[in-house]
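Enquirer: pasted the sequence and its predicted model underneath.
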There are 2 protein chains.
Amino acid sequence: MGTRLPSLPMIEWMRGYDRSTLSSDLVAAVIVTIMLIPQSLAYAALAGLPPQVGLYASIAPLLLYAVLGSSRVLAVGPVAVVSLMTATAIGELAQAGSPHYGTLAITLAFLSGAMLLLMGLLRLGFLANFLSHPVISGFITASALLIAAGQLKVILGIQAEGHNFFELVRQLASHIAHTHVLTAGIGLGTVAFLFWARRGVKPLLRRLGLGPRLSDGLAKAAPVAGIALTALLTWAGQWHEQGVRIVGVVPAGLPPLTLPSWDASLWQQLAVPALLISVVGFVESVSVGQTLAAKRRQRITPNRELVALGASNVGAALTGGFPVTGGFARSVVNFDAGAQTPAAGVFTALGILLAALLLTPALYYVPQATLSATIVVAVLSLVDLRMLRSTWAYSRSDFSAVVVTLLVTLAAGVEAGLVAGVALSLLLYLYKTSRPHIAEVGLVPGTEHFRNVLRHQVQVSPRLASLRVDESLYFANARVLEDRVNALVAERPELKHLVLQCSAINDIDASALESLEAIDQRLQDAGVQLHLSEVKGPVMDRLEGTDFLHHLSGQVYLSHFLAIAELAPEVLQERSTV
Amino acid sequence: MGTRLPSLPMIEWMRGYDRSTLSSDLVAAVIVTIMLIPQSLAYAALAGLPPQVGLYASIAPLLLYAVLGSSRVLAVGPVAVVSLMTATAIGELAQAGSPHYGTLAITLAFLSGAMLLLMGLLRLGFLANFLSHPVISGFITASALLIAAGQLKVILGIQAEGHNFFELVRQLASHIAHTHVLTAGIGLGTVAFLFWARRGVKPLLRRLGLGPRLSDGLAKAAPVAGIALTALLTWAGQWHEQGVRIVGVVPAGLPPLTLPSWDASLWQQLAVPALLISVVGFVESVSVGQTLAAKRRQRITPNRELVALGASNVGAALTGGFPVTGGFARSVVNFDAGAQTPAAGVFTALGILLAALLLTPALYYVPQATLSATIVVAVLSLVDLRMLRSTWAYSRSDFSAVVVTLLVTLAAGVEAGLVAGVALSLLLYLYKTSRPHIAEVGLVPGTEHFRNVLRHQVQVSPRLASLRVDESLYFANARVLEDRVNALVAERPELKHLVLQCSAINDIDASALESLEAIDQRLQDAGVQLHLSEVKGPVMDRLEGTDFLHHLSGQVYLSHFLAIAELAPEVLQERSTV
């Protein structure tokens, strides 16, 4: 064992493990387990998979993350958006419920896990940064709406198939007369109960004399209560004989050992969805992990998170699961319930394992509408339409990225929406940087500061022009500076000196260097000297390796004020302002 | 006529037109006409078109550019790279020499012209900026090598068909034993003569007692002399009966009136090549125009250039031509010969019109190998391999863009090469900006300046950290700052203040704003205040429209020094350096 081996985070937290940490972790594990059982069943249904698959996907991933992950409280398992993306990706290739469908889900988890591992080993975590906040916001809101609309047909007990959100809503509206009243009663009743439970249960329990911690824990068990109650009613009334769809037989047992398909053409078909699932899952997981870690002055390591999430997904694939990631709701519950170390995750995994072994007969009478109701309540909290207004106020280009992602996701699905959003964000960024702000600046009287001549009363000389470029110079904007300089020289016959203030130029690429050389050459032809001021260290290092500074007709000045003092001292004496 | 109509540039230069301007323009026109006749024939052959098409393409475009263009000396017509791109684009759709091939060339010129006009009217000239200098360098060099290799088979009189440069060279090598000796003698002799003529003719004529101006003009006519001489020899020896390929019958007459094909599926096939031809042609033309305009303190207007080049291409399409642009060689010759106004272009067009009417019988015996020799000599001056070394020295990422463009163009053709180069440049730029330089800075003793703590002896406080981000904050790099701040807070338990020096931050997008909010929130959770200093005006304007500044735990300071003076005054008193 050398110091050169990357140490596992678990070694660190196991060192200080004691009785009080154990008891905190055990309490958190019990609460999270109770919350996860219905959630796992529901997200498996959302992904088009049998309910026990949801339980399987919550065991091995939790264990692997506990060993490899850098967050102490992140809980890994099925989450809503990734389940929707799974259903979308494999729904086109196989019939939901068929054995092939299950193999596809396993293969997708395996590919996604392999990609995450690869990104982690190659330190490519930065790729996830290209999913901008507006794109994520638009995508999550659209996904939540898609999921809610899809679950509504189960809650109402009607048929509706739509290729996109708008078609789905139209079909729901046209079939609403066929609503199965008993199913709708269960589904809508559960929705109402769950919304009420969020706010109402805790104060009620406190009024009944329970302690704050117990009240909080019991409030989180509301979905379980809803499931138990509706299952009990369905059993008592034998409602499944009156057309209420129930979960039915759930095989009991340990998670099976499974292998992905090794079919190369299938891998090709699943590559893009797997990549998108990896990136979306990683972004969701890291943002949850960072937020929770910061609250205790801990930190997470994104590249290690990639490895941990990758291993979790490979683990899901080998134990009959489907794609997983670090979930927001379950991680926050784990944190709030007082989990101190990833051991809480290990205990949770054991709890779910027990459920998979012993609890499945009890799930027989659970109505599908109840599971759908828990999904709808969970995802509607993800719908955030206020961000449309705030993004509009802040920046039109960010707003357009939100709207395009939102609408394309609703109209053409999750994959098209993500790709369109990322592409648009990148194009808008390039467009912005390709039209940099270039200000002609002058001296603010009595100071050494320079400001835009159009906005401020400043001192200038007709013999000297000062330009400040507010952007790194690169190929897409180098010619803009050329145009600006050409225009300036053409309209100022008396010009002798041009000074570029480079304080905001963080980089000059080869195209921009050629542009600067062309500018210098043209200025020389026109009898004007080109000077630079306030060039940053790294930029200067680069320029010193080239001929540019030798050919430069003028000087490089440490500060813009020094340049003006030497080249146009009359500006400093000037009393009148321009 | 109102002031609101955009005035034509010609009104300006016609106002001051006098006898001396006329004589300068006429002399320049004669020289350029003599130079253009062989060039037009050669580039038509390169594009796979009959020789007279080259003459046609040099008449209407010159006239239209003279009326609409903003450069006074740019000469528009067929150029080498665009001719190659034309041959590539339409060579896949029809057999060179067939009537359909001619229609395709006309349609391509029409589409390219329409796109340029549209870009000009929508002021989309900035799109051309996305062709970086490294991509253009790699592309031009690769195109020149492709052209030279293609002409070599004509010069040697052998067969060689290759899908790419390497295949072409391999075929040339394997067929070299079949070289047609007489053809090769003409071709290689002309190449040698032209290379010698570049350097040797002018001094020779001066020694023979001719004036400098006349010597210069005659030197430019060397290609014409080469053509006349080889045609004469071929006629005298009746070499075409011994297998030397000649130009043959060239129909005399005015350019025909032609219309493009209106077939929508054809337009779809030609859309991408037309766009690439438009952008490459525009970039080449504008860079020539700007260089020449600057020498006389004139300037050109890129959006007007788009309109002028668009009209020129539409003009070429309506008069039996093919895609054209402003050429480097012809424009420089025009400039050097003393052209003062676009009237020189009008006179040149008349000269070529006369050639098309009267000179075509004289072209019968011109060997094709001679035309190929003029092309090879012209394009080899475009091959610039030194830029590989200088780009390598300046920047590895620019170098990789050159190499990828060069190799993909050689291996997979002009279109694939351009697209690969542009895509790679954009990705590299995004990658660079996604990993911004973030320096922790400290006070340089005795000054108000702050420098990187890793590079300089500076004063710092354990209670306060100063970070300077050398990049605008946007979605692709916002999380990098989050990671950096998280790491800093985790390793400095005594930290109370974090100050971000924002002097190089030119923009903060919505994602970065959310990141800053998350950073502030996490710092508050950890008991650390977040402050900003030296925020730029436009960025501050944006932030003031949001809640961020209200929630911010700390202050915004005008200068970083003011922030330190208030938050950690002990740094200013400190004598010891860290």
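Expert: Looks like it arrived, so ask away.

Enquirer: surely A:A355 touches A:I34?
Expert: No - look at A:A355 against A:I34 with C-beta atoms under 8 Å: they stay out of range, at 9.5 Å. Glycine gets a C-beta too; all of them are placed from N, C-alpha and C.

Enquirer: okay, these two: which has more neighbours?
Expert: A:A355 (23 against 20; other C-beta atoms under 10 Å in any protein chain shown).

Enquirer: which residues touch the more buried one?
Expert: If you count contacts by C-beta atoms under 8 Å, 6 or more residues apart in numbering or on different chains, A:A355 has them with A:33, A:37, A:55.

Enquirer: nearest to chain B, of those?
Expert: Proximity of the contacts of A:A355 to chain B (C-beta to the nearest C-beta) peaks at A:T33, which lies at 27.5 Å.

Enquirer: ok, that closest one - how many residues close by?
Expert: 20.

Enquirer: ok, for it, nearest residue in space, not its chain neighbours?
Expert: In space, and not counting its chain neighbours, A:T33 is closest to A:G351: 3.3 Å by C-beta to C-beta, 6 or more residues apart in numbering or on different chains.

Enquirer: and the one you found, how far from B:H437?
Expert: Distance of A:G351 to B:H437, given as C-beta to C-beta, to the nearest Å: 47 Å.

Enquirer: quick one: the strands in the stretch 301-450 of chain A?
Expert: A:325-326, A:438-443, A:450-452 (DSSP state E, counting those that start in this stretch).

Enquirer: equivalent analysis for the stretch 51-200 of chain A, please.
Expert: Using DSSP E, counting those that start in this stretch, strands in the stretch 51-200 of chain A cover A:76-77.

Enquirer: and it, which residues reach chain B?
Expert: Residues of the stretch 51-200 of chain A lying close to chain B (C-beta under 8 Å from any C-beta of the partner chain) are A:126, A:128-135.

Enquirer: domains for chain A, by residue range?
Expert: Chain A is divided into the following domains under automatic domain parsing: A:21-423, A:438-573.

Enquirer: show me the one of the ones you listed that comes nearest B:A343.
Expert: Ranking the domains of chain A by their distance to B:A343 (criterion: C-beta to C-beta) puts domain A:438-573 first, at 21.5 Å.

Enquirer: what's the end-to-end length of the closest one?
Expert: The first and final residues of domain A:438-573 sit 26 Å from each other (C-alpha to C-alpha, to the nearest Å).

Enquirer: off-centre distance for stretch A:448-457?
Expert: 41 Å (C-alpha atoms, centre = their mean, to the nearest Å).

Enquirer: equivalent analysis for stretch A:163-173, please.
Expert: 27 Å.

Enquirer: buried ones in it?
Expert: Within stretch A:163-173, the residues scored as buried using 16 or more other C-beta atoms under 10 Å in any protein chain shown are A:164-165, A:168-169, A:171-172.

Enquirer: could you do stretch A:222-231 as well?
Expert: For stretch A:222-231, by 16+ other C-beta under 10 Å, it's A:222-228, A:230-231.

Enquirer: show me the contact partners of it.
Expert: With C-beta under 8 Å, 6+ apart, stretch A:222-231 has contacts from A:34-35, A:37-39, A:186, A:189-190, A:193-194, A:197-198, A:201, A:362-367, A:369-371, A:373-374.

Enquirer: low-confidence regions, chain A specifically.
Expert: Within chain A, the stretches with pLDDT under 70 are A:1-9, A:297, A:574-578.

Enquirer: would you confirm that A:T325 contacts A:V76?
Expert: Yes - A:T325 lies in contact with A:V76 (C-beta under 8 Å); the separation is 6.6 Å.

Enquirer: so for the two, which residue has more residues nearby?
Expert: The neighbour comparison of A:T325 against A:V76 (other C-beta under 10 Å) goes to A:V76, with 34 against 29.

Enquirer: so who does that one touch?
Expert: Contacts for A:V76 (C-beta under 8 Å, 6+ apart) come out as A:61-62, A:64-65, A:69, A:285, A:309, A:312, A:324-327, A:345.

Enquirer: need the max-distance pair from the residues you listed.
Expert: A:L64 and A:G327 (15.2 Å).

Enquirer: of the two, give the one with the bigger neighbour count.
Expert: A:G327 (28 against 24).

Enquirer: quick one: the more buried one and chain B, what's the gap?
Expert: Note on A:G327: its distance to chain B, by C-beta to the nearest C-beta, to the nearest Å, is 19 Å.

Enquirer: tell me where the stretch 301-450 of chain A has helices.
Expert: A:302-318, A:328-336, A:343-354, A:368-380, A:386-394, A:396-412, A:414-434 (DSSP state H, counting those that start in this stretch).

Enquirer: chain B contacts on the stretch 451-578 of chain A?
Expert: So far as C-beta under 8 Å from any C-beta goes, the stretch 451-578 of chain A lies against chain B at A:455, A:470-472, A:474-480, A:482-483, A:486-487, A:489-490, A:493, A:503-504, A:506-507, A:509-511, A:513-515, A:518, A:521-522, A:525-526, A:536-538, A:542, A:545-546.

Enquirer: in JSON lines, list the domains of chain A along with distance to B:V250.
Expert: Listed next are those as JSON lines, based on distance: least, C-beta to C-beta, whole Å:
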{"stretch": "domain A:21-423", "distance to B:V250": "50"}
{"stretch": "domain A:438-573", "distance to B:V250": "40"}
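
Enquirer: neighbour-wise, give me the winner out of the residues of the stretch 51-200 of chain A next to chain B.
Expert: Going by other C-beta under 10 Å, A:P134 tops these with 32 neighbours.
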